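[1] Got a predicted structure plus its sequence, pasted below:
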Amino acid sequence: MFIILVTKGSMKWVSGVFQAEEVARKYMDLIPDELKVYQELIQIENITYPFYIIERQDSPFRFLGKDEVISLFDKTDVSEDEDEVHFNIYTIDSDYRPKKPGTDYMGILRHAHVTNDVIEKYREEGTSFLNNEDFLI
């Protein structure tokens, strides 16, 4: 899998996900020069659709398969801060590219904010909870 990561100051986002390297490189060519300097094309081995992007505050993105996501949920404990977002999880089931190349449109991806409520619901319902429309695991 070929992923275009962006780091611009304190901001970070994924500006593209592609199964084929050639398609990713052609997309990179469409990114305006003022944004291109912040883009990095990486390759993730041994991952196929669907997979999941995990976003945590002050951490690099993680790219996980189903079993790894289940393990992450198993290891995440509720916190004393009821409003804490433990992580955001994005479901990637096909190539992704924003309409404006290089920009942050991750909000259009199917995603969920994993809070204490989500962890508690997972503890009650198990992996079947992760089959809802937000996760589709």
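    Good, I have the coordinates. Here the structure is a predicted model, which is why all the values come from computation and not from measurement.

[2] Please report how far Y96 lies from D33.
    Separation of Y96 from D33 (C-beta to C-beta, to the nearest Å) stands at 22 Å. Placement of C-beta: from N, CA and C, glycine included.

[3] Neighbour count for these two, which is higher?
    A direct count of neighbours by other C-beta atoms under 10 Å for Y96 and D33 places Y96 higher, at 19 against 7.

[4] Would you mind measuring from that one to T103?
    12 Å.

[5] What segments of the chain are helices?
    Using DSSP state H, the helices assigned to the chain run over residues 21-30, 33-36, 66-75, 116-125.

[6] Pipe the ones you listed into JSON lines and attach distance to S15 and mean pLDDT per row.
    As requested, the helices of the chain are exported to JSON lines (distance: least, C-beta to C-beta, whole Å; pLDDT from 0 to 100):
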{"stretch": "helix 21-30", "distance to S15": "9", "mean pLDDT": "97"}
{"stretch": "helix 33-36", "distance to S15": "8", "mean pLDDT": "96"}
{"stretch": "helix 66-75", "distance to S15": "22", "mean pLDDT": "95"}
{"stretch": "helix 116-125", "distance to S15": "27", "mean pLDDT": "92"}
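
[7] can you put those in TSV and add distance to F87?
    Formatted as TSV, the helices of the chain follow (distance: least, C-beta to C-beta, whole Å):
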stretch	distance to F87
helix 21-30	25
helix 33-36	26
helix 66-75	8
helix 116-125	10
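
[8] Among the ones you listed, which comes closest to G9?
    helix 33-36 (12.8 Å; C-beta to C-beta).
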